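Undergrad: Model the following, please.
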Amino acid sequence: MKNVVLVASIPASLLEMSQEDEDDFKRYKKMLDRVGKPIMMSSESEAAEIIRRRLFEWDDDALGQNGKVNLNKQATDVCRSYADWVVDHRQQVPGWFPVDQALDAFKATYPFHPMVLSVFERKWQTLPRFQRTRGVLRMLALWVSKAYQEGYKGGRKETLIGLGTAPLDDPMFRSVIFEQLDEERLEAAITTDICGKPDSHATRLDQEAVDAIKKSRLHRKAGVVILFESNGGTTSEDATVPEVRLALGEPDLDSGNVDTVLESLVDIEDWIVLSHPSTN
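TA: As a prediction, this is how the structure comes out:
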């Protein structure tokens with residue numbers, strides 16, 4: 001047949017295949033490698049656009065001719081306020097983060113903080129059971145739902161969905177995390193040390209802290225960030241202090257409070273290991 005193109009999409013993971021399925025997969029892949037032309041369905045830069053188009057409803061006016069989201073003034077102002085904090089603290093954040101293009105980075109991932117999506121690309125994608133698309137979408141869907149419920153009930157309202165706001169106090173969300181990490185033994189560490197119980201260590205430290213730390217639940221947020229940043233990675237599985245600072249960075253945040261919180265967590269939690277790079 002002339003002028004006909006067959007498009008075939010094959011899975012990237014073999015984890016859920018039976019032996020028979022895997023044998024079929026290998027035969028198809030061998031044939032496609034021989035006669036086909038591989039095309040990457042989405043690049044890292046497009047992942048954020050795909051995720052927010054899947055998880056949120058956007059007005060027609062918010063979508064440009066290229067199908068990408070155009071933020072309104074209110075959303076852009078939020079992104080600018082976060083970007084300004086990063087620029088003001090450029091010596092305290094990771095060297096790989098594009099500080100001079102911080103505004104573009106925040107606009108590209110809004111309403112998520114860039115660190116929410118980048119941790120999956122930088123570290124989690126090296127995990128054997130991590131599902132880059134389906135796993136992330138399922139996780140973020142629960143995350144967004146929880147954030148919406150808290151905002152609707154008049155509770156805490158975050159201008160961006162930051163990495164530290166992950167609802168680890170929700171058993172269903174924790175189960176999704178454990179599935180992706182393939183590590184059920186983290187249940188006790190999370191509920192004892194971060195959140196999930198009234199007397200969790202980070203929760204208690206927030207309650208006893210000064211108002212600025214208590215109001216932002218900074219101990220809990222820092223513990224959550226460290227958990228996410230301490231899994232996967234091609235060079236190191238440790239979270240770094242600059243990574244934690246960047247993930248927690250927000251308008252009016254005193255970076256000194258982040259250091260105070262990290263010292264408190266390291267003193268009481270044996271599993272928390274932080275790296276201090278000599279250069280950012």
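Undergrad: only C-alpha atoms for contact and neighbour calcs from this point on.
TA: Will do.
Undergrad: Leaving out sequence neighbours, find the closest residue to the residue nearest the centre of the chain.
TA: The residue lying closest to the centre of the chain (Cα atoms, centre = their mean) is Val116, at 2.4 Å. Closest residue to Val116 in three dimensions, ignoring its sequence neighbours and counting by Cα to Cα, 6 or more residues apart in numbering: Leu163, at 4.9 Å.
Undergrad: separation between that neighbour and Ile213?
TA: Counting by Cα to Cα, to the nearest Å, the separation of Leu163 from Ile213 is 17 Å.
Undergrad: do Val119 as well
TA: From Val119 to Ile213 the distance is 24 Å (Cα to Cα).
Undergrad: for Ile226, same thing?
TA: Note on Ile226: its distance to Ile213, by Cα to Cα, is 17 Å.
Undergrad: Name the residue in these two with the higher neighbour count.
TA: Ile226 (24 against 21; other Cα atoms under 10 Å).
Undergrad: Buried residues, the helix or strand Val87 falls within. List them.
TA: Per DSSP states H and E, Val87 falls inside helix 73-88. Applying a neighbour-count criterion of 16 or more other Cα atoms under 10 Å, one finds Ala75, Thr76, Val78, Cys79, Arg80, Tyr82, Ala83, Asp84, Trp85, Val86, Val87 buried in helix 73-88.
Undergrad: try stretch 182-196
TA: Glu187, Ile190, Thr191, Thr192, Asp193, Ile194, Cys195, Gly196.
Undergrad: Stretch 165-184 too?
TA: Of the residues in stretch 165-184, Thr165, Ala166, Pro167, Leu168, Phe173, Arg174, Ser175, Val176, Ile177, Gln180, Leu181 count as buried by neighbour count, 16+ other Cα under 10 Å.
Undergrad: Return the closest of those with respect to Arg53.
TA: Arg53 lies nearest to Ala166 out of those, by Cα to Cα, at 20.0 Å.
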